[in-house]
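Participant: based on what follows, work out the 3D shape:
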Amino acid sequence: MENERIGWSLQLHVLVYLSAFGLQIALARWAVDKAAFGNYAFHLSLAQSIAILAGLGVPTAALRFVSRHLAHRQGVKARRLAKRAYTLAGLGWLSAAGGLVLFAFTLKGPGFIGLCWAAVMIPLFGLRFMNESMAKTQHRPGMTLVPGGILQPLLMLGICAGLSASRENSLSANQLLLVATVALLVSSGGQMLWLVRAKIRYPSANLKHPGSEKPPRDFTTQEILRVALPMLLVTGLGIAMSQCDIIMLRWMKGDAATGEYFVAVRLSWTTVLPLVSVNLFAAATYASLWELKAIKDMRVKARLYSRFICLGTLPIALVLVAGGNRVLAWHGSEYLAAYIPLVILVVGQCVNASVGSTGLLLSMTGYQDIVARIFAPCALVNIIANACLIPSMGPTGAAIATASSLVIWNILLVRIIWKKLKLDTSWLNLLPGHMGRFEGQVPDYETASREGSA
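Facilitator: Residues are numbered from 1 along each chain as shown. The predicted structure is shown next:
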């Protein structure tokens, strides 16, 4: 059953990626030039980054707490908590959007309109992130992926095709941002309606175990924020790891270099398709099993997930390294220079996939404070490395800085999981006899509860 669900998730992720890939090629060709595409990519990344930060870490915290309620079949409490989470995060998104608009009014020049479009997209991206978290708690891959991953790209393709035909195949950055905003509004709103009208689906991991505790009570807003704020720090540092390269590259090298590098970044994400497919189920599954103190089941799940990620990641990485130039040429000959950054980023993502769902697992089991303490120096290293390498090496320097930080971060986290949770999420889990390494060892549930649980 689990294999079928992960396989279904992977198929959906492949469709999502193909939709995004087709959209990326079309936009790169329909844009006026590489600089216009880079300008569009910068404002899109800016809106996503601010939306993640302005959500105050609430979507991730809600994923954890709602999963705990669903593990005990407390549907009413889960819905009540979800409504409070939407309200808390919504205030943050609207405040951030208003702040960005005010900042845009202080600027003079063409950047004003782009920042205004980014401000409009902030609450829409935020709504998307919260919707996806709530869909994950119920193991609904279709509800999680289809609206934003398939519907939105198709809408953008249709609208851009119409505009391009009427404007002789040339679209400005602001026109691309307008299309993205409209498609995001339709897809996120539709996803919200789908989520509200759907019946609650309880995860299959809600079986009772001898060590399971009594059902949790209602969590207060203060308790949610107590867990959300460390997760916000983790999320903010995650932005420093995954988005600061694009933002700093645009600042130091301009729109053309940003457009080139953006294509390499998006292609490298293909490497972790198996990992994100697993994470779609792993978050709620790990949170539920931890709530029930079913460590043996967690070890079995970790081994299953490791096998799936390993078998899926390696072929994708080989294809990208061997055929990367040809794939880049589909975007236009001016993007061929992104091949070296692409290979570097693929290597970093392979290491990321090889250790499994590290940060996610620690956050779902109450160790988000430790994740933040490890993430902070890694994010700082990433920012400093980008600042040092981008001026002399451009997109290649940004790729080296990002991939190196990603490798350091994952190695540190997997060691913490070994020590704190007594299980292994890495590909080492597949070696004969390695699964028995932690046999008889029990995690410290009480420490996790004090560090990150209400």
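
Participant: for the host helix or strand of Leu195, name the packing helices and strands.
Facilitator: Take DSSP states H and E as the rule and Leu195 turns out to sit in helix 173-197. Where contact means 3 or more C-beta pairs under 8 Å, 6 or more residues apart in numbering; DSSP states H and E, helix 173-197 is packed against helix 34-54, helix 111-137, helix 141-145, helix 152-166. Every C-beta, even on glycine, is put in place using the N, C-alpha and C of the backbone.

Participant: worst average pLDDT in the ones you listed?
Facilitator: Lowest mean pLDDT within these: helix 141-145, at a mean of 82.

Participant: so where's the stretch 151-300 of the chain uncertain?
Facilitator: For the stretch 151-300 of the chain, the stretches with pLDDT under 70 are 166-169, 203-219, 230-231, 234-241.

Participant: that one: strands as residue ranges?
Facilitator: Using DSSP state E, counting those that start in this stretch, the stretch 151-300 of the chain contains no strands.

Participant: what does stretch 387-407 rub up against?
Facilitator: Residues from elsewhere that reach stretch 387-407 (C-beta atoms under 8 Å, 6 or more residues apart in numbering): 241-242, 245-246, 248-249, 252-253, 257, 260-261, 264, 337-338, 340-342, 344-345, 347-349, 351-352, 378-379, 381-382, 385-386.

Participant: show the buried residues in the residues you listed.
Facilitator: Burial by neighbour count, judged by 16 or more other C-beta atoms under 10 Å, picks out 241-242, 245-246, 248-249, 252-253, 257, 260-261, 264, 337-338, 341-342, 344-345, 347-349, 351-352, 378-379, 381-382, 385-386 from these.

Participant: contact partners for the residue nearest the centre of the chain?
Facilitator: In the chain, the residue lying closest to the centroid (C-alpha atoms, centre = their mean) is Val276, at 8.1 Å. Counting by C-beta under 8 Å, 6+ apart, Val276 makes contact with His13.

Participant: 10 Å instead?
Facilitator: Applying C-beta atoms under 10 Å, 6 or more residues apart in numbering, we find Val276 in contact with Ser9, Leu10, His13, Val16, Tyr17, Leu145, Trp269, Ala282, Ile309, Ala353, Ser357.

Participant: likewise Leu267?
Facilitator: Leu267 makes contact with 17, 21, 24, 320, 324, 327-328, 331, 335, 338-339, 341-342, 345-346 under the criterion C-beta under 10 Å, 6+ apart.

Participant: and it, how far from Ala36?
Facilitator: Leu267 sits 20 Å away from Ala36, going by C-beta to C-beta, to the nearest Å.

Participant: low-scoring stretches of the stretch 301-450 of the chain, by residue?
Facilitator: Low-confidence segments of the stretch 301-450 of the chain (pLDDT under 70): 429, 432-440, 442, 444-450.

Participant: and the helices in it?
Facilitator: 339-354, 358-364, 368-393, 395-421, 445-452 (DSSP state H, counting those that start in this stretch).

Participant: tell me the most buried of those helices?
Facilitator: Most buried of the helices of the stretch 301-450 of the chain by mean neighbour count (mean count of other C-beta atoms under 10 Å) is helix 358-364; its value is a mean of 25.

Participant: send me that helix as CSV with only the CA atoms.
Facilitator: This file holds the C-alpha atoms of helix 358-364, laid out as CSV (Å, rounded to 0.1, in the frame of the first residue of the first chain):
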residue,chain,number,x,y,z
THR,A,358,16.5,15.0,7.5
GLY,A,359,15.2,18.5,8.5
LEU,A,360,11.6,17.4,7.9
LEU,A,361,12.0,14.4,10.3
LEU,A,362,13.6,16.5,13.1
SER,A,363,10.9,19.2,12.8
MET,A,364,8.1,16.7,12.9
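
Participant: looking at it, Ile50 is touching Ala118, isn't it?
Facilitator: Yes - the pair Ile50 / Ala118 is scored as a contact, 7.4 Å apart, by C-beta atoms under 10 Å.

Participant: find residues that contact each of these two.
Facilitator: Common neighbours of Ile50 and Ala118, using C-beta under 10 Å, 6+ apart, are Ala97, Leu100, Phe125.

Participant: how much space separates the last one from Leu46?
Facilitator: Which is Phe125. Using C-beta to C-beta, we find Phe125 at a distance of 10 Å from Leu46.

Participant: joint contacts of those two?
Facilitator: Applying C-beta under 10 Å, 6+ apart, one finds that Phe125 and Leu46 are jointly contacted by Ala118.

Participant: follow-up on the earlier one: as TSV, the shared contacts of Ile50 and Ala118 with distance to Leu412 and neighbour count would be great.
Facilitator: Output for those, formatted as TSV (distance: C-beta to C-beta, whole Å; neighbours: other C-beta atoms under 10 Å):
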residue	distance to Leu412	neighbour count
Ala97	35	23
Leu100	34	21
Phe125	29	23
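
Participant: so which of these is the closest to Pro141?
Facilitator: Nearest to Pro141 among the shared contacts of Ile50 and Ala118, counting by C-beta to C-beta, is Phe125 at 20.1 Å.

Participant: is it true that the closest one touches Ala183?
Facilitator: No - judged on C-beta under 10 Å, Phe125 makes no contact with Ala183 at a distance of 12.0 Å.

Participant: identify the contacts common to these two.
Facilitator: Joint contacts of Phe125 and Ala183 (C-beta under 10 Å, 6+ apart) are Gly148.

Participant: re earlier: just name the closest of the contacts of Leu267 to Pro141, please.
Facilitator: Nearest to Pro141 among these, with distances taken as C-beta to C-beta, is Tyr17, at 13.9 Å.
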